[in-house]
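K.L.:
Sharing a sequence plus its predicted fold:
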Amino acid sequence: MRDLKELLKEVFPKVVELRRDFHANPELGYQEVRTAEVIARTLEGLGITVKKNVAKTGVVGLLDTGKPGPTVALRADIDALPVKDAKKVEYASRVEGVCHACGHDGHTAILLGVAMVLSKLKEEFSGKVKFIFQPCEEHLPGGAKFMIEEGVLEDPKVDNIFGLHLWTNYPIGKVGVKAGALMAAPDSFAIEILGKGGHGSAPHQAIDAVVIAAQVVQALQTIVSRSVDPLDPAVVSVGVIQAGYGFNVIADTAKIIGTVRTFKERTRAVIRKRMEEIVKGITSAFNADYRIEYTEGYPALINDEKVTKFVKKIAEETLGAENVWEAEPVMGGEDFAYFLQKVPGCFVFLGARNEEKGIVCPHHHPEFDFDEDAMLLGMELMVKYVLRNTEIQN
C-alpha cells in the first residue's frame with residue numbers, strides 16, 4: 001500500500017483550493033446548486049458513481065471496490081448561513097449576506113479529499129464507500145431526514161456511518177469523542193397570548209397581554225429547575241417577545257418565541273407538557289386565551305458505543321492518546337442524528353482553533369474561520385475509518 005500520509009499531502013493542496021472556492025461562493029440550504037455541481041464533477045473525475053438531486057440539492061457518490069465487505073458511509077453537510085462575512089481574506093464570501101460561518105465548506109472539502117485518496121487505494125480494501133453530501137443542515141427540518149427517506153442508506157445498505165465537525169472550541173490537533181449522547185434535540189416554540197386591548201389609562205377594562213406574557217416567561221424558567229431531574233441536562237430559553245402598539249395602548253396580543261434543548265425523549269415530553277400546563281393556567285387566571293405552536297427539531301445525537309470505541313482507537317493512534325479528549329455534550333443540534341437512528345455510527349468534534357493564527361471566533365460569527373490544517377487530520381481519520389472498518393466487528 002502507498003504511504004497514506006504522502007497520499008494525503010499529495011491531494012491536500014487541491015482540498016484547500018476546493019474549500020476556498022466553496023467559502024467564496026456560499027449557498028444557503030436547498031440552494032446549493034453550484035456547490036453540488038462542483039462536488040459531482042470532482043467525484044465523477046475520480047471514477048466514482050454519482051447520484052445528483054438527492055433531497056433536492058444533495059449528492060451521493062459510491063465507490064465500489066468490487067470485493068465483498070462492509071458498506072461504509074461518510075457524510076459532509078454543504079450549506080452556508082445567512083451571515084455577512086466580515087473576514088479580510090482572499091477567499092471571503094462573494095455573496096452578500098451569506099457565508100460559511102460553521103465550517104461546512106471544510107467538511108465538504110475534507111470528504112472530497114477522502115474520495116481522492118480512497119479512489120487511489122481502491123485495490124487495498126474491500127467493500128463499498130458512500131460519500132453523502134447533505135444539503136440544509138442549518139435549518140429545520142434539515143436535509144438528512146429527506147435523504148434517508150429517498151434511500152441514501154439503502155442499495156447498497158449502509159453498515160455504519162462516520163461524520164465530523166470542525167470545532168473551534170478545540171485547538172488544532174485535538175479531537176473530541178464521546179459514546180452516547182453528544183448533541184441535544186433542538187425544538188422551538190411560539191406562544192401567542194390572546195387578551196383584550198384597551199386604553200392605558202383604563203387597564204380594568206382590558207386584559208393585558210403584556211402582563212400575562214411577562215408572567216409566562218418567568219414561569220417557563222421553572223420548568224427545568226422544578227420539573228426536570230437536576231442530573232438531566234435541559235434548556236428552555238425565550239429569545240423573542242413581541243407585543244404592543246403605543247405607550248398608552250394596552251396590547252391585546254403578545255408573542256413569545258423560544259427554544260427547548262433536551263437529550264432524552266421523556267424529558268422532551270415533560271417539558272412540552274409542562275409548557276402547555278403553565279400557559280393554560282396563567283392565561284386562565286387572567287381570563288385570557290392562548291395558542292401554542294411547538295415544533296420538534298432534530299433528535300438528540302447518540303453515538304454508537306462500538307463504533308465510537310473504534311473511532312477513538314484510530315484517533316489515539318493518529319494523534320496520540322493525550323490529544324483525544326472525552327467530548328462534553330453540547331446543547332446545540334445536528335441532523336446527523338437522523339443517520340444514527342438508522343445505522344450505528346459516530347460523530348466527532350475536530351479541533352480547528354489556532355490562536356497563533358488569530359483563528360479564535362466561535363461558530364456562526366461573522367469572522368468565523370478555521371485552521372485549514374485541521375482538514376488534513378480529518379481526512380486521515382476518515383480514510384483510516386474506511387480502510388480498517390472490518391475491525392469494528394472485532
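P.N.:
Okay, I see it.
K.L.:
Please, which helix or strand holds residue 5?
P.N.:
Using DSSP states H and E, residue 5 sits within helix 4-24.
K.L.:
just the CA coordinates of that helix, formatted as PDB?
P.N.:
What follows is helix 4-24, C-alpha atoms only, in PDB (Å, rounded to 0.1, in the frame of the first residue of the first chain):
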ATOM      1  CA  LEU A   4      -1.000   7.200   3.500                       C
ATOM      2  CA  LYS A   5       0.500  10.400   4.800                       C
ATOM      3  CA  GLU A   6       2.200  11.000   1.500                       C
ATOM      4  CA  LEU A   7      -1.100  10.500  -0.400                       C
ATOM      5  CA  LEU A   8      -2.900  12.800   2.000                       C
ATOM      6  CA  LYS A   9      -0.200  15.500   1.500                       C
ATOM      7  CA  GLU A  10      -0.400  15.000  -2.300                       C
ATOM      8  CA  VAL A  11      -4.100  15.800  -2.500                       C
ATOM      9  CA  PHE A  12      -4.200  18.400   0.300                       C
ATOM     10  CA  PRO A  13      -3.400  21.500  -1.900                       C
ATOM     11  CA  LYS A  14      -6.500  20.600  -4.000                       C
ATOM     12  CA  VAL A  15      -8.600  20.200  -0.900                       C
ATOM     13  CA  VAL A  16      -7.600  23.700   0.300                       C
ATOM     14  CA  GLU A  17      -8.400  25.100  -3.200                       C
ATOM     15  CA  LEU A  18     -11.800  23.500  -3.100                       C
ATOM     16  CA  ARG A  19     -12.500  24.700   0.400                       C
ATOM     17  CA  ARG A  20     -11.700  28.300  -0.500                       C
ATOM     18  CA  ASP A  21     -13.800  28.000  -3.600                       C
ATOM     19  CA  PHE A  22     -16.800  26.900  -1.600                       C
ATOM     20  CA  HIS A  23     -16.100  29.600   1.000                       C
ATOM     21  CA  ALA A  24     -16.000  32.300  -1.600                       C
END
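K.L.:
Look up phi and psi at the nearest residue to residue 313 once chain neighbours are set aside.
P.N.:
Among residues not flanking residue 313 along the chain, residue 391 sits closest, at 7.9 Å (Cβ to Cβ, 6 or more residues apart in numbering). Where you see a C-beta, it was placed from the backbone N, CA and C, and this is true even at glycine. Torsion angles at residue 391 (phi, psi; degrees, to the nearest 10) stand at phi -70, psi -20.
K.L.:
Likewise for residue 257?
P.N.:
Torsion angles, degrees, to the nearest 10, at residue 257: phi -130, psi 140.
K.L.:
can you count the residues close to the closest residue to it other than its chain neighbours?
P.N.:
Distance criterion Cβ to Cβ, 6+ apart; nearest residue to residue 257, sequence neighbours excluded, is residue 240 at 3.9 Å. Residue 240: 9 surrounding residues under other Cβ atoms under 10 Å.
K.L.:
I'd like to know how far residue 240 sits from residue 117.
P.N.:
46 Å (Cβ to Cβ, to the nearest Å).
K.L.:
how about stretch 197-213: buried residues?
P.N.:
198, 206-213 (16 or more other Cβ atoms under 10 Å).
K.L.:
picking up where we left off before, can you spell out which helices and strands pack onto the helix holding residue 5?
P.N.:
helix 33-45, helix 104-120, helix 373-387 (3 or more Cβ pairs under 8 Å, 6 or more residues apart in numbering; DSSP states H and E).
K.L.:
ranking those helices by burial, who's on top?
P.N.:
Comparing these by mean neighbour count (mean count of other Cβ atoms under 10 Å), helix 104-120 ranks first with a mean of 25.
K.L.:
What average pLDDT does it get?
P.N.:
Averaging pLDDT along helix 104-120 yields 98.
K.L.:
starting at the chain centroid, how far to the helix or strand where the residue nearest to residue 257 lies?
P.N.:
Using DSSP H and E, residue 240 sits within strand 234-243. Distance of strand 234-243 from the chain centroid (Cα atoms, centre = their mean, to the nearest Å) equals 21 Å.
K.L.:
thinking again about what came up before, right, and the helices and strands packed on helix 4-24 - which one's nearest residue 256?
P.N.:
Closest to residue 256 of these, according to Cβ to Cβ: helix 104-120, at 31.2 Å.
K.L.:
After that closest one, which helix or strand is next?
P.N.:
Following helix 104-120 in sequence order, the next helix or strand is strand 128-134 (DSSP H and E).
K.L.:
what's the angle from that following strand to helix 104-120?
P.N.:
For strand 128-134 against helix 104-120, the angle by axes from the mean of the first three to the mean of the last three Cα atoms, to 10 degrees is 160 degrees.
K.L.:
Report the buried residues of the helix or strand following strand 128-134.
P.N.:
Following strand 128-134 in sequence order, the next helix or strand is helix 144-149 (DSSP H and E). Going by neighbour count (16+ other Cβ under 10 Å), the buried part of helix 144-149 is 144-148.
K.L.:
In this protein, where is pLDDT below threshold?
P.N.:
In the predicted model, the chain carries pLDDT under 70 at residues 1, 394.
K.L.:
Spell out which residues make up each domain of it.
P.N.:
With domains defined by automatic domain parsing, the chain comprises 4-183+300-393, 185-295.
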